[in-house]
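Trainee: need a structure here:
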Amino acid sequence: MVENEKQLGARQSIHGVAPAFLQRAAIVAIVSFVFFLLMLAAFSLRQNIGYFLLATAFLIVQLVTLFGWITQKRAELTIYENGFVYKKHVCQWDEIQSLEIKQEHRLLGGDKIGCRIEKMGGGKILLTETIANLESILLRIDAEIAKRS
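Mentor: Residues are numbered from 1 along each chain as shown. Got it, this is the predicted structure:
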């Protein structure tokens with residue numbers, strides 16, 4: 001993959017996970033840890049198995065949240081002068097066949113934006129709203145496709 005990245009030219013920008021999604025994961029992890037500690041304290045005081053089961057459930061929620069946080073931190077999109085790299089996908093600008101942008105309206109949290117990139121060889125890359133500055137990334141990809149046409 002390093003050789004493929006060298007063919008893409010100079011690195012221009014790196015886009016990690018959007019701060020709003022990191023903040024949500026941090027809040028869930030902190031709250032679940034606090035409730036875990038409270039349930040352990042309640043179990044040690046009252047000796048009721050229900051408190052122990054609740055503490056275990058909150059610990060599981062925390063571990064799943066932290067695992068998701070770690071795996072999402074690796075999902076960064078790097079834009080180069082001749083293409084981009086997202087997770088394990090390496091894509092040059094001239095390999096893109098089509099760009100499909102979906103925008104759904106939600107009552108809370110604004111609009112949900114998603115993108116599906118189809119490559120000439122039949123591969124597909126899905127970009128979700130968890131990527132920081134997704135709108136500017138989509139504008140850049142669209143501009144590169146328009147240059148080719």
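Trainee: Domain map for the protein?
Mentor: If you go by automatic domain parsing, the domain ranges for the chain are 2-16+75-148, 19-73.
Trainee: Same list (these) but as TSV, adding mean neighbour count.
Mentor: C-beta here means a position set from N, CA and C on the backbone, and glycine is covered the same way. Shown next, in TSV, are the domains of the chain (neighbours: other Cβ atoms under 10 Å):
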stretch	mean neighbour count
domain 2-16+75-148	14
domain 19-73	14
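Trainee: lowest-confidence stretch among these?
Mentor: For the domains of the chain, mean pLDDT drops lowest on domain 2-16+75-148, to a mean of 86.
Trainee: ends of stretch 9-27, how far apart?
Mentor: Terminal residues of stretch 9-27 are spaced 39 Å apart (Cα to Cα, to the nearest Å).
Trainee: now what about it, what contacts it?
Mentor: Contacts of stretch 9-27 with the rest of the structure, by Cβ atoms under 8 Å, 6 or more residues apart in numbering, involve 65, 68-69, 72-73, 75-83, 129-134, 137.
Trainee: From the centroid of this protein, which residue is nearest?
Mentor: Centroid-nearest residue in the chain: residue 130, 4.0 Å away (criterion: Cα atoms, centre = their mean).
Trainee: before we move on, what SS does residue 138 have?
Mentor: Assigned by DSSP: H, G, I helix; E, B strand; the rest coil, the conformation of residue 138 is helix.
Trainee: ugh, wrong one, residue 14
Mentor: Counting by three-state DSSP, the backbone at residue 14 sits in strand.
Trainee: hmm, back to that, mark which of the contacts of stretch 9-27 are part of helices, please.
Mentor: Assigned to helices by DSSP state H, the following of the contacts of stretch 9-27 qualify: 65, 68-69, 72-73, 134, 137.
Trainee: longest single helix anywhere in the chain?
Mentor: Assigned via DSSP H, the chain shows its longest helix as helix 19-46.
Trainee: Let me see the backbone angles for the closest residue to residue 134 other than its chain neighbours.
Mentor: Nearest residue to residue 134 in three dimensions, chain neighbours excluded: residue 113, at 5.8 Å (Cβ to Cβ, 6 or more residues apart in numbering). Taking degrees, to the nearest 10, you get phi -110, psi 130 for the backbone angles of residue 113.
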